[in-house]
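Participant: any chance you could fold what I've pasted below:
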Amino acid sequence: MVVSQRFIVVACVFVTCLITANIIAVKLITIGGLVLPAAIIIFPLSYIFGDILTEVYGYRWARRVIWLGFFCNLITVIAIWLGGLLPALDQEVQKAWGLTLSYAPRLLCASFIAYLVGEFANSFVLAKMKIRTKGRWLWTRTIGSTIIGQGLDALIFITIAFAGTQPWGILGTIILAHWLVKTGYEAVATPFTYAVVGYLKKKEGIDTYDYDTKFNPFRVSG
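Facilitator: Purely as a prediction, here's the structure:
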């Protein structure tokens, strides 16, 4: 596939959503009595655009963008860490920096692992479902893949980040809340997903099916 400007735009939005979500995740908010990170307003968009990438361009290209997002996020984390080490002219600014932009190693590990497992599971399930459904019922693929991907993401992140700090019953409630809210977000955004997928398939003149794709997430090509 020749990389198009539309593909680049979708990939950039995907990566931007991911990085933005990780930066604003430090703030906790309440929605309907649920305590959630502020990242909830944008992180599910990374799954929506991940669905769009896989549905239109196929798992091969989605795999490249998922890894691109991982390394761009890693660069951001390293830059923020180095910026925090540099001496500040204003100590109040330094204090605010530490409170809002510093990352605990355990949370970083949880975030990176959950992202990779969740995104690759999401893309894999969607690609396989597309073949099984012969390209019909897009909504079943977008929502079905999100149920798996977001479920694994929430399970892995919450478990690695907070195991041992809270009773398992509370952690289970948090995992369930994250999973349901993010999956609901995907369901509500279904008309948007349909519109973008339809537009891209028409303009790009492609509708990729991963019949011969090797689904190893570490594979460089093929």
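
Participant: now the residue nearest the centre of the chain: how far from Y209?
Facilitator: With distances taken as Cα atoms, centre = their mean, S46 lies nearest the centre of the chain, 4.2 Å away. Note on S46: its distance to Y209, by Cβ to Cβ, to the nearest Å, is 23 Å. Placement of C-beta: from N, CA and C, glycine included.

Participant: regarding the closest residue to K201 other than its chain neighbours, what are the backbone dihedral angles?
Facilitator: The spatially closest residue to K201, leaving aside those adjacent along the chain, is D207, at 5.2 Å (Cβ to Cβ, 6 or more residues apart in numbering). Main-chain torsions, D207, degrees, to the nearest 10: phi -150, psi 90.

Participant: run a quick neighbour tally on D207.
Facilitator: For D207, the neighbour count with other Cβ atoms under 10 Å is 15.

Participant: which residues touch it?
Facilitator: By Cβ atoms under 8 Å, 6 or more residues apart in numbering, the residues touching D207 are 56, 135, 201.

Participant: element containing the last one, please.
Facilitator: Going back to what we said before, that points to K201. Assigned by DSSP states H and E, K201 falls within helix 190-204.

Participant: can you give me the buried ones in that helix?
Facilitator: Neighbour counts over helix 190-204 (16 or more other Cβ atoms under 10 Å) mark 193, 196-197, 200, 204 as buried.

Participant: and the contacts of it?
Facilitator: Counting by Cβ under 8 Å, 6+ apart, 4, 6-7, 10, 48, 51-52, 55-57, 138-139, 142-143, 186, 207 sit against helix 190-204.

Participant: run the chain-centre distance for it.
Facilitator: Offset of helix 190-204 from its chain centre (Cα atoms, centre = their mean, to the nearest Å): 19 Å.

Participant: same question for stretch 133-144.
Facilitator: With Cα atoms, centre = their mean as the basis, stretch 133-144 stands 19 Å off its chain's centre.

Participant: start the count at 2, not 1, going forward
Facilitator: With the count now opening at 2, the last piece we talked about shows up as stretch 134-145.

Participant: now it: buried residues?
Facilitator: For stretch 134-145, a neighbour-count test (16+ other Cβ under 10 Å) marks 139, 142-145 as buried.

Participant: just put the residues you listed in JSON lines and tack on pLDDT and secondary structure.
Facilitator: Formatted as JSON lines, the buried residues of stretch 134-145 follow (pLDDT from 0 to 100; DSSP: H, G, I helix; E, B strand; the rest coil):
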{"residue": "L139", "pLDDT": "95", "secondary structure": "helix"}
{"residue": "R142", "pLDDT": "95", "secondary structure": "helix"}
{"residue": "T143", "pLDDT": "94", "secondary structure": "helix"}
{"residue": "I144", "pLDDT": "94", "secondary structure": "helix"}
{"residue": "G145", "pLDDT": "94", "secondary structure": "helix"}
